[in-house]
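> A predicted structure for the sequence below; I have some questions about it.
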Amino acid sequence: MKTKADFPNINDRQPEGLKDDGNPFRVLIIDDSMFVTKQINQILTSEGFEIVGSANNGESGVEKYKELYPNIDLVTMDITMPKMDGVECLEKIIEFDKDAKVIMISALGKQDLVKKSLLIGAKNYIVKPLDRNKVLERVVTTLKKQ
Amino acid sequence: MRVEYINPFVEAAFSILKEVLGDDLSRGELYLKATSQPILGVTAIVGLAGDVEGRVLIDLTEKTAMKIASAMNGEEMTTLNELAKATITELANMITAQAVTKLSELGFTFDLTPPTIITGEKMEITNYEVEALIVPIETSHGKLEINVALRERN
Ligand SMILES: [Mg+2]
């Protein structure tokens, strides 16, 4: 179990990435960009989240989700990816686990696909460019949604 | 080529660069090039197909590409490795996606290809039947050129 002492840069508050029992929230990153994956990884691990896997296309994203289930709390999902895009990947994950918490990560200009994703069951979305506050705010809000 | 087509790309580049670099930027003079032109060394290419067709280049020197990638990753990069290329690809992706949003508000609809990165010295690009408009943007990490060659499909 991790405690506040493991995150000395975070002064008097509980890191956002830890559950009430002290265990980290477990996150899967599905994105074909090495840059975006690293960015999300850095932001989340600095707050105590645990990145339990990553996938660079929708097909392996679905596989990874099924492998990790039920020990998975959140997915960040890119939209444009090879083999299977993020919308189809989301559809397959929701089909398998209707309570999956998926956040779409989108560049501006993909509003139609974001709307479609929210209808399919994505819980939230973030528009790039990503920054620490934006990502943490959306992730925390999403984890609180039932 | 109509100048209206390039403005959304320049505006998008300004807003994205400002956001990811937190930088002071300045816009250089627009210029026009027909036929062949040298490219700077690291070039992201995005193709457009629809009401308007053609391609957009985001063109920079290797040195500038590494400096921008270093800034965006918060770590020093001294070679143009996979992560640096992925970073420039993502930059091009964000700029073109935002520009397309503006163009579609003007009533144009079309699809984009994902960005492709080409690197190398002494390369040239040649356009037939459409000239390229170029707007240089100065950042604190060096110059970046937005190079657009588009035409309306008839
Ligand atoms: Mg992608």
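Cool, got the structure. Please read these numbers as outputs of a predicted model, since none were measured by experiment.

> low-scoring stretches of chain A, by residue?
Counting by pLDDT under 70, chain A contains low-confidence ranges at A:1-12, A:146.

> which residues does the closest residue to B:Leu57 other than its chain neighbours bridge with?
Sequence neighbours aside, B:Asn147 is the residue nearest to B:Leu57 in space, at 4.0 Å (criterion: CB to CB, 6 or more residues apart in numbering or on different chains). Yep, even glycine has a C-beta here, placed from its N, CA and C like the rest. Listed beta-bridge partners, B:Asn147: B:Leu57, B:Ile134 (assigned using DSSP bridges).

> touching the ion at all, the longest helix along chain B?
Criterion DSSP state H: the longest helix present in chain B is helix B:82-105. No. Using CB under 5 Å from the ion, helix B:82-105 never reaches the ion; the gap is at least 7.1 Å.

> in that helix, what's buried?
Neighbour-count burial for helix B:82-105 flags B:83-104 (criterion: 16 or more other CB atoms under 10 Å in any protein chain shown).

> now do stretch A:46-60
For stretch A:46-60, the neighbour count (16+ other CB under 10 Å) marks A:46-49, A:51-60 as buried.

> okay, now B:Ile137: neighbour count?
Residues within reach of B:Ile137, counting by other CB atoms under 10 Å in any protein chain shown, total 19.

> quick check: it touching B:Phe14?
Yes. Using CB atoms under 8 Å, B:Ile137 is in contact with B:Phe14, at 6.9 Å.

> quick one: pLDDT of B:Ala97?
For B:Ala97, the model assigns a pLDDT of 91.

> which residues does the closest residue to B:Lys18 other than its chain neighbours contact?
Excluding its sequence neighbours, the residue lying closest to B:Lys18 (CB to CB, 6+ apart) is B:Leu25, at 6.3 Å. Contacts here follow CB atoms under 8 Å, 6 or more residues apart in numbering or on different chains; on that basis B:Leu25 touches B:Phe14, B:Leu17, B:Lys18, B:Ile137, B:Glu138, B:Thr139.

> if we go to 10 Å?
Counting by CB atoms under 10 Å, 6 or more residues apart in numbering or on different chains, B:Leu25 makes contact with B:Ala13, B:Phe14, B:Ser15, B:Leu17, B:Lys18, B:Ile137, B:Glu138, B:Thr139, B:Ser140, B:Leu144.

> would stretch A:86-97 count as contacting chain B?
No. Stretch A:86-97 is not in contact with chain B by CB under 10 Å from any CB of the partner chain; minimum separation 13.0 Å.

> who touches both of B:Ile137 and B:Phe14?
Overlap of the contact sets of B:Ile137 and B:Phe14 (by CB under 10 Å, 6+ apart) consists of B:Leu25, B:Ser26, B:Arg27, B:Ile146.

> could I get the full set of strands for the chain?
You didn't say which chain, so I picked chain A. Using DSSP state E, the strands found in chain A span residues A:26-30, A:50-55, A:74-78, A:102-106, A:124-127.

> I was after chain B.
Using DSSP E, the strands of chain B run over residues B:26-27, B:31-33, B:36-38, B:42-50, B:52-60, B:110-112, B:116-119, B:124-126, B:132-139, B:142-152.
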